[in-house]
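Q: I would like the atomic coordinates for the input below:
(2 chains)
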Number of protein chains: 2
Amino acid sequence: MFNKDCFLDHIAVAVEDLDKAEKIYEDLGLKFDMRETVEEQQVETSFAHIDENAHIELLQPINGQGPIAKYLEKKGPGIHHMCYRVPNVHEKSAELRSQGYILLYDEPKSGANNTLVNFIHPKSTGGVLIEIAQKMES
Amino acid sequence: MFNKDCFLDHIAVAVEDLDKAEKIYEDLGLKFDMRETVEEQQVETSFAHIDENAHIELLQPINGQGPIAKYLEKKGPGIHHMCYRVPNVHEKSAELRSQGYILLYDEPKSGANNTLVNFIHPKSTGGVLIEIAQKMES
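A: Numbers count the residues shown, from 1 in each chain, chains lettered A, B, ... in the order given. I've put the predicted structure just below:
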């Protein structure tokens, strides 16, 4: 069984065109049911459930700006990061920092789908950008 | 709710050292409970539950050989592919092929954890290597 203190929230995929990317995963069998613009990250996002809690999150840059636009320019489309849900993102950030992990933000920021998030730098995770997210009360 | 005809089986991460990689995800809060050698892919694998059905699968090459060894040499460690569970991998492979997707194998092969698998080439999925897997009766 999975651990309620740490489970997959989403896998994020950087895409150039949200409609075309949705079609690929729909052909696989997934169903997209939510879009959201995240100004903080300069992306439009689209979500499909892939398990009890987890989603796939497609990320398309807004106006060719922001971190996902830069990622696409440098590496092309592909899996950008994975995100794990934790009970408290402030506490988890501090705990990981004390263990030597490099966190991207000094203070957690607002993420998609009513979350508060931070990122662990790929340098300290064996090449994987890992987001940690706390669900906020809506 | 997720669709029983298509849900995340695992996210696979190419790693250089299984013990060191497990430590990173354990620090995050995950618990590894199964290792398996997959001769077909020349890898040793380690699994942790990340949601109701889904696992993270760490992949370490055996004796520096095989597709994961080549991947590490070329791109370094990182997320290698994601795998979706489908009811019938033969039927899904044929369906996707008829829609223009490039499948890696003409016939599905044995995968980890008692599955029969095929892969969709990143060229036809927007840069993401996607595995499809059917669970076999044990």
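Q: residue boundaries of the helices in chain A?
A: A:18-28, A:66-75, A:89-98 (DSSP state H).
Q: closest to A:M34 out of those?
A: If you check each of the helices of chain A against A:M34 by C-beta to C-beta, helix A:18-28 wins as the nearest, at 11.5 Å. Yep, even glycine has a C-beta here, placed from its N, CA and C like the rest.
Q: Next, the angle helix B:89-98 makes with that closest one.
A: Orientation check (axes from the mean of the first three to the mean of the last three C-alpha atoms, to 10 degrees): helix A:18-28 against helix B:89-98 gives 150 degrees.
Q: which residues sit against helix A:18-28?
A: A:13, A:15, A:32, A:35, A:44, A:46, A:48, A:56, A:58, A:60, A:77, B:6, B:84, B:86, B:96, B:99, B:101, B:124-126, B:130, B:132 (C-beta atoms under 8 Å, 6 or more residues apart in numbering or on different chains).
Q: can you do 10 Å?
A: Identification of contacts with helix A:18-28 by C-beta atoms under 10 Å, 6 or more residues apart in numbering or on different chains yields A:13-15, A:17, A:30-32, A:35, A:43-46, A:48, A:50, A:56, A:58-60, A:77, B:3, B:5-6, B:84, B:86, B:92, B:95-96, B:99-101, B:120, B:124-128, B:130, B:132.
Q: Among the residues you listed, the buried ones, what's the PyMOL command?
A: The buried subset of the contacts of helix A:18-28, as determined by 16 or more other C-beta atoms under 10 Å in any protein chain shown, is captured in PyMOL by this line:
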select buried, (chain A and resi 13+14+15+30+32+43+44+45+46+48+50+56+58+59+60+77) or (chain B and resi 6+84+86+92+96+101+120+124+125+126+127+128+130+132)
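Q: about what we covered before: with mean pLDDT as added columns, please give the helices of chain A in a markdown table.
A: Below are the helices of chain A laid out as a markdown table (pLDDT from 0 to 100):
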| stretch | mean pLDDT |
| --- | --- |
| helix A:18-28 | 97 |
| helix A:66-75 | 95 |
| helix A:89-98 | 98 |
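Q: right, and these - which one's nearest B:Y105?
A: When the helices of chain A are compared by C-beta to C-beta, helix A:18-28 sits nearest B:Y105, at 16.7 Å.
Q: ok, back up a step: got a markdown table for the helices of chain A, with distance to A:K109 too?
A: As requested, the helices of chain A are exported to a markdown table (distance: least, C-beta to C-beta, whole Å):
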| stretch | distance to A:K109 |
| --- | --- |
| helix A:18-28 | 22 |
| helix A:66-75 | 12 |
| helix A:89-98 | 10 |
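Q: Any idea which helix or strand in chain A has the lowest mean pLDDT?
A: strand A:109-111 (a mean of 89; mean pLDDT, DSSP states H and E).
Q: Only the buried residues of it, if you could.
A: Residues of strand A:109-111 classed as buried by neighbour count (16+ other C-beta under 10 Å): A:G111.
Q: and if you look at stretch A:82-92?
A: Buried-residue list, stretch A:82-92, by 16+ other C-beta under 10 Å: A:82-86, A:89, A:92.
Q: which ones among those are found in strands?
A: Among the buried residues of stretch A:82-92, the members falling in strands are A:82-85 (criterion: DSSP state E).
Q: What is the nearest of these to A:G66?
A: Nearest to A:G66 among these is A:C83, at 17.3 Å by C-beta to C-beta.
Q: so how far is B:L72 from that closest one?
A: Here the criterion is C-beta to C-beta, to the nearest Å. By it, A:C83 lies 24 Å from B:L72.
Q: pretty sure A:G76 is touching B:P122, no?
A: Yes: in this structure, A:G76 is within contact of B:P122 by C-beta atoms under 10 Å, at 9.5 Å.
Q: is it possible to export the ones in strands among the buried residues of stretch A:82-92 to a markdown table including pLDDT and distance to A:D106?
A: Listed next are these as a markdown table, based on pLDDT from 0 to 100; distance: C-beta to C-beta, whole Å:
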| residue | pLDDT | distance to A:D106 |
| --- | --- | --- |
| A:M82 | 97 | 22 |
| A:C83 | 97 | 19 |
| A:Y84 | 98 | 20 |
| A:R85 | 97 | 21 |
